[in-house]
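Asker: sequence first, then the predicted structure:
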Amino acid sequence: MTTNSSEQGVSLGMPQLPAPAYPDDVRARLESDAKEIIARYPGSRSALLPLLHLVQSEEGHVTRTGMQFCADVLGLTTAEVTAVATFYTMYRRAPSGDYQVGVCTNTLCAVMGGDAIFESLQEHLSVSNGGTTDDGRITLEHIECNAACDFAPVVMVNWEFFDNQTPESAKRLVDDLRAGAPVSPTRGAPLCTFKETARILAGFPDQREGAVEASGSAGPASLIGLRLAKGETPPARVVHPRAEPVEGDTPHDPSPSEHLSSHDAPQDTSASDPAHPAGPAAEEGE
């Protein structure tokens, strides 16, 4: 028995049909929003990034229809729009969940447990990287850096921070998201859906009551170096939220020479441990 090329998923190089158009009411609404976005820039093509967020807020990912819309309103080719939409990982190219759960697997987060978190979530949710759960609630992906190394390992949900995570806490987090239970980021604004987040990233204000005020500022661990540089008295020791107090421990104020982060205590290495010297490095070819 033979199968034809279409059944095998093989392309014969035939041109793709034009992208379907938005319904008239949707296009009219998006054109009004696009006009507001484009007016912010001296050159219209500079509005492409927020416009991609705008069309992503419509369908939860950047579709061919959305890219055609961006090309039309900016006077660009679809190739130019596609080149940008496929370059940035913030733009989804396939249907996504209500909550984008990103696990940082860059160096520090990985060392602190990010790899273990990511692996446990893949198994717990039965999805691979970039996959979406059957209920459409969660899309899981690994992220190279969440720019929050002093709170490693970090998980982000729709770009809001969940600091100092463990495999167990991350699994509770996604379970709560799937169940519709209230979930609060460690810092930053309250969670909203991915579509709502995309509209905010397009440059439209967050209309939820108290959301802007809840954004707050940098966490204590991020400000320790700044305070020391200013000559201020060091704050109380930053204790990892996962650490449980040991009975009999007495709190103390750290001296300026102490490491104030629970993550950066010096470790013995072959270079620092006299009992295990590294020895001279061999010359090339020896």
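Answerer: Arrived safely, thanks for sending. Numbering: from 1, shown residues only.

Asker: correct me, but Ala94 touches Thr63?
Answerer: No: using Cβ atoms under 8 Å, Ala94 is not in contact with Thr63, being 9.5 Å away. For every residue, glycine as well, the C-beta is placed using N, CA and C.

Asker: compare the two (neighbour count), which wins?
Answerer: The neighbour count for Ala94 versus Thr63, taken as other Cβ atoms under 10 Å, is higher for Thr63 (21 against 12).

Asker: these two touch, right, that one and Tyr22?
Answerer: No: with contact defined as Cβ under 8 Å, Thr63 does not count as touching Tyr22 (9.6 Å).

Asker: do I have it right that Arg199 meets Gly60?
Answerer: No: using Cβ under 8 Å, Arg199 is not in contact with Gly60; the gap is 11.3 Å.

Asker: give the residues shared as contacts by those two.
Answerer: By Cβ atoms under 8 Å, 6 or more residues apart in numbering, Arg199 and Gly60 have no common neighbours.

Asker: checking my notes, Leu228 in a strand, right?
Answerer: No: with DSSP: H, G, I helix; E, B strand; the rest coil as the criterion, Leu228 is helix rather than part of a strand.

Asker: mind listing what Thr133 touches?
Answerer: By Cβ under 8 Å, 6+ apart, the neighbours of Thr133 are Gly97, Leu125, Ser126, Val127, Thr139, Arg178.

Asker: would you map the strands across the protein?
Answerer: With DSSP state E as the criterion, the chain has strands at 99-104, 138-143, 155-157, 160-162.

Asker: now the buried members of the contacts of Thr133.
Answerer: Gly97, Leu125, Val127, Thr139, Arg178 (16 or more other Cβ atoms under 10 Å).

Asker: got any ranges where this protein has weak pLDDT?
Answerer: 1-15, 213-217, 234-286 (pLDDT under 70).

Asker: where do the helices of it begin and end?
Answerer: Taking DSSP state H as the criterion, the chain carries its helices at 24-38, 48-59, 64-74, 78-85, 107-109, 115-125, 167-179, 194-201, 220-229.

Asker: for those, give me TSV that also has distance to Pro18.
Answerer: Formatted as TSV, the helices of the chain follow (distance: least, Cβ to Cβ, whole Å):
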stretch	distance to Pro18
helix 24-38	15
helix 48-59	16
helix 64-74	8
helix 78-85	9
helix 107-109	43
helix 115-125	36
helix 167-179	37
helix 194-201	24
helix 220-229	49
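
Asker: and the ones you listed: which comes nearest Glu144?
Answerer: Nearest to Glu144 among these is helix 107-109; the distance by Cβ to Cβ comes to 9.5 Å.

Asker: what's in contact with that closest one?
Answerer: Val103, Cys145, Asn146, Cys149, Ala152, Pro153, Val154, His263.

Asker: please produce JSON lines containing the strands of the chain, extended by distance to Ser184.
Answerer: Below are the strands of the chain laid out as JSON lines (distance: least, Cβ to Cβ, whole Å):
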{"stretch": "strand 99-104", "distance to Ser184": "14"}
{"stretch": "strand 138-143", "distance to Ser184": "17"}
{"stretch": "strand 155-157", "distance to Ser184": "10"}
{"stretch": "strand 160-162", "distance to Ser184": "9"}
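
Asker: how about the helices of the chain, which one is nearest Arg187?
Answerer: Closest among the helices of the chain, using Cβ to Cβ: helix 220-229, at 9.8 Å.

Asker: perfect, that will be all.
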